[in-house]
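Participant: one predicted model, sequence on top.
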Amino acid sequence: MIAEGMSAVLLNPTCIFWVFIGTFVGIIFGCIPGLTATMAIAMFLPVTYNMASTQGISVLTALYIGGISGGLISAILINIPGTPASIATCLDGHPLSAKGEAGKALGVGIVFSFLGTMVGLLALVLISPPLAEIAIKFGPYEYFSITIFSLTLIITLSSTNVIKGLMTGVLGLVFATVGLAPIDSVERYTFGNPNLNSGFDILTVLVGVFAISEILLAAEEARASTGDGSTVITDFTIKGFGFSLAEFRTQIFNMFRSSAIGIILGILPGIGSGTSNMLSYSVAKSQSKYPEKFGTGIIDGVVASETANNATIGGTIIPLLTLGIPGDSTSALLLGALIMKGIQPGPLIFQQNGQIVYAIYAAMGLSSLFMLFIMFFGMRGFVRILKIPGYLLLPLVFVLCTVGAYGINNQLFDCYALLFFGFVGYLLEKGKYPMSPLILGFVLGNIMEMNLRQALSYSHGDPTPFFTRPMSCTFLVLAIVSLIVNIFAVYKSRHKKTAQV
Amino acid sequence: MKFAKKLVALALTASLAVAMSGCGGGGDKKPAAGGAKKAEEVKWPTKPITLVVPWSAGGDTDFFTRTLGKYLTKELGQPVNVTNVVGGGGSVASNKIKDSKPDGTTFLCFDTAMALNHSCGISNFGYEAFDPVCMMAKGTGEYFVVRSDFPANTLKEMIKYTQDHPDTVKLAANTGATSYYVAVRLKELGAKFNIVNGGSSSVRLASLLGSHIDASTNAMGLLNQYLPKTGNGSLKILACLATARSEAYKDVPLAKEQGVDVAYDMTYNVLAPKGTDPKIIEKLSKAIGKVINENKDYAAEIYKTYGAKPFYQDTKEAVATLKAEDEQYMKYSEVFKKGVK
């Protein structure tokens, strides 16, 4: 069965071809802000109807992997994350690029994306049953506590100004409340406009706040300056992957820790690569010996972010296959595709459809290899994107983002929402408010509220189970500890600064 | 230098045009073969059609719609795309289609939950806000599920159990869904559950396994893999909540037969925005009917995954069915709106 499944992918030239196409298209969709892997999969779904199950699912898996991996390209080169999974990559990836070390940033991102996927795949292959057991044990209390813990890490994401970070984080939470409330569907902030019933889409928020604001700022700068446009000379000759073996060795522990974070967040449906990259970055920063260097352009940040978001893929597939629970909108489409092919995920998937499972594993591995391959050769080309003058590149990005926003639900409303968030992002940037906490707040807001309300309905409004249940208590304690430790660290560094002055 | 700049600009514009054309169609990847059909009274469809599902991919409505859409593409000669517009228990999608252009390009594929939405007040309209096209499927029923070690073996025993241990058995019910109706009916019949929100169907099953909830209402599908005979035996069914036993799962007793008067059917419909040309509706309905009644592959697929038999009702019958459904649930409107505390 293992052999059957894997050979259906690895020994079949048509399948190999399609996995390559899938990875390539996925990378393109991933690297263009405004286009997402979800859209790619939705477009390819009808094509897969007439393919054999293994081939069809392999293509979709390849699109998924390409989509998550591709985000790093735009994050590093133009400071706009291609997908929510690469937000934290901007934080150190772009400064590296600005310093002239784009090649190194890309190389690091690519290699560690590959490694992250592989570790995730390993976890999937070797320990998915116990991981699925853990996933079942997580109830609404635990989910709520984990989201609270994740939100406290906003402090680390914004240690330059904790208050401002908290403000944008809360703003993100507020934006998340727009729409019909979970559970009782009460209208909130919809102003009677049915378009707002489902709330804002993560794409419009992400792309608006990061991309549109970036474009507006660049436009402002271009008008203000005399147009000398001199940037740091980027070294376009990249040796190998752009970084040394010695540097690689320093990141090994980071890689394993980030993969673990990615996998764990992956097995919890609802919390996916959008959160894992930021969480991993924050943890890497708090545990680092040189936290003040984060944000200035060090590879640790890129490693943490990219390893985690790719490891999450492996993690997400676990509840998808063993429990039939998709972790995000992209894997929901994968689930739909599986069911269309007559493959019902669940505890018996190994007995009933073992070949498909192994085919998925094979496709994941093959696709990661292709990703590494494609990006390695594309690296030198990508870096040259930096050579394109802003006044050509950014309007193009603007149009693509708007098209992407329209593509969410085929309505212009999302494009207006995009512009709205672009403006919000612009104002935040001008006021030097960090933007990542806003996204984190927005992404986690819904999950947090839903689980809080569910948990309280279970216990009839009694909050004690949050503390008496072991896992929930652990995360809440961790949240409090991380809050104290980080605030203390910020306080200390500020004291040091004033002492030095 | 200037020329190079122009070239770059031209290249970028060209790629942009390609990207835009690629993004617009969505489903044009497979141009349908055999577009030349005999001349009909109405020239439709001339553009790709979109079927909107109010739930996220992977569920029963999504499955029936996608399977139908797959075969409908060949039947109609135009790509039939399925998109998911999620939120508000289905009301985001129903609101959207209700107000969309009645030009025969967009249709809503909803289910019994629409009547539930109407009676719970989540939407202030029911089937009458649309021009129904047809009924496209009938579920094999939903089942009352608990963990296999639960001290009750029939729904009647369960009700007694909750009366002896009031408020301790958590029953998952989602506002505006059939599970809500079940919870309310059981409460009427004297059961004393702690009614909580449960999430989507696969999430509910996982919650059951993890002992976060104690009882749930689920369609077959994934449930199979947890049952004693067909799966790993971690869950058991107390009763089937449909109006008749399904052919695929004959051995499961009905709640009705146990003396618990809860019975409802899950039906799946296709609706058009009000004002759509009746000729288009007729043509679509006939095409759907052809697929459902005559296509053996379609029948095989729905039986394999859901144990369902092909079920189709033409426009007139569909309106009658939808009306009866709406009335059945509107009876509970006051109760629903008050909440199930």
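Facilitator: Okay, I see it. Quick caveat: nothing in here was measured; it's all calculated off a predicted structure.
Participant: use CA for all of it now, contacts and neighbours both
Facilitator: Will do.
Participant: next up, the contacts around B:Lys160.
Facilitator: Residues counted as contacts of B:Lys160 (C-alpha atoms under 8 Å, 6 or more residues apart in numbering or on different chains) are B:Ala191.
Participant: need the contact list for residue 106.
Facilitator: Assuming you mean chain A. With C-alpha under 8 Å, 6+ apart, A:Leu106 has these contacts: A:Leu72, A:Ile73, A:Ile76, A:Gly93, A:Phe241, A:Gly242, A:Met379.
Participant: that's the other chain; I wanted chain B
Facilitator: B:Ile49, B:Thr50, B:Leu51, B:Val52, B:Ile97, B:Ser100, B:Ala272, B:Pro273.
Participant: also A:Cys90?
Facilitator: Per C-alpha under 8 Å, 6+ apart, neighbours of A:Cys90: A:Leu72, A:Ala75, A:Ile76, A:Asn79, A:Ile80, A:Pro81.
Participant: give me the number of residues near the closest residue to it other than its chain neighbours?
Facilitator: Once flanking residues are discounted, A:Cys90 sits nearest to A:Ala75: 4.8 Å by C-alpha to C-alpha, 6 or more residues apart in numbering or on different chains. Using other C-alpha atoms under 10 Å in any protein chain shown, A:Ala75 has 29 other residues around it.
Participant: in stretch B:246-260, what's buried?
Facilitator: Buried residues in stretch B:246-260, defined by neighbour count with 16 or more other C-alpha atoms under 10 Å in any protein chain shown: B:Ser246, B:Pro253, B:Leu254, B:Ala255, B:Lys256, B:Val260.
Participant: ignore what I typed, I meant stretch A:450-462.
Facilitator: Those would be A:Met450, A:Asn451, A:Leu452, A:Arg453, A:Gln454, A:Ala455, A:Leu456, A:Ser457, A:Tyr458, A:Ser459, for stretch A:450-462 by 16+ other C-alpha under 10 Å.
Participant: what about the helix or strand the second one falls within, near chain B?
Facilitator: Secondary structure here is read from DSSP states H and E; on that basis A:Asn451 sits in helix A:436-458. Yes: when contact is scored as C-alpha under 8 Å from any C-alpha of the partner chain, part of helix A:436-458 falls within range of chain B: A:Gln454, A:Ser457, A:Tyr458.
Participant: on that earlier part again, buried only: go through the contacts of B:Thr106 for me.
Facilitator: For those, a burial check counting by 16+ other C-alpha under 10 Å picks out B:Ile49, B:Thr50, B:Leu51, B:Val52, B:Ile97, B:Ala272, B:Pro273.
Participant: now do the SS call for the fifth one.
Facilitator: Taking DSSP: H, G, I helix; E, B strand; the rest coil as the rule, one finds B:Ile97 in the helix state.
Participant: the residue nearest to A:Cys90 should be in a strand, yeah?
Facilitator: No: when classified by three-state DSSP, A:Ala75 is found to be helix rather than part of a strand.
Participant: tell me who's in contact with it.
Facilitator: Here A:Ala75 is in contact with A:Pro81, A:Gly82, A:Ser86, A:Ile87, A:Thr89, A:Cys90, A:Gly93, A:His94 (C-alpha under 8 Å, 6+ apart).
Participant: right, and the fifth one touches A:Gly70 too?
Facilitator: No: taking contact to mean C-alpha atoms under 8 Å, the distance of 11.5 Å between A:Thr89 and A:Gly70 leaves them out of contact.
Participant: point out where the stretch 201-350 of chain A drops to low pLDDT.
Facilitator: Where the stretch 201-350 of chain A drops to pLDDT under 70, the residues are A:225-239.
Participant: pick out the residue in it sitting closest to chain B.
Facilitator: A:Gly336 (4.1 Å; C-alpha to the nearest C-alpha).
Participant: one step back: can you narrow the contacts of A:Leu106 to ones near chain B?
Facilitator: Answer for the contacts of A:Leu106 near chain B: none qualify (C-alpha under 8 Å from any C-alpha).
Participant: which secondary structure element is home to residue 213?
Facilitator: Here I'm looking at chain A. helix A:213-224.
Participant: switch to chain B, please.
Facilitator: Taking DSSP H and E as the definition, B:Ile213 sits outside all helices and strands.
Participant: excluding covalently adjacent residues, which one is nearest to it?
Facilitator: Residue nearest to B:Ile213 in three dimensions, not counting chain neighbours: B:Lys170, with 5.1 Å by C-alpha to C-alpha, 6+ apart.
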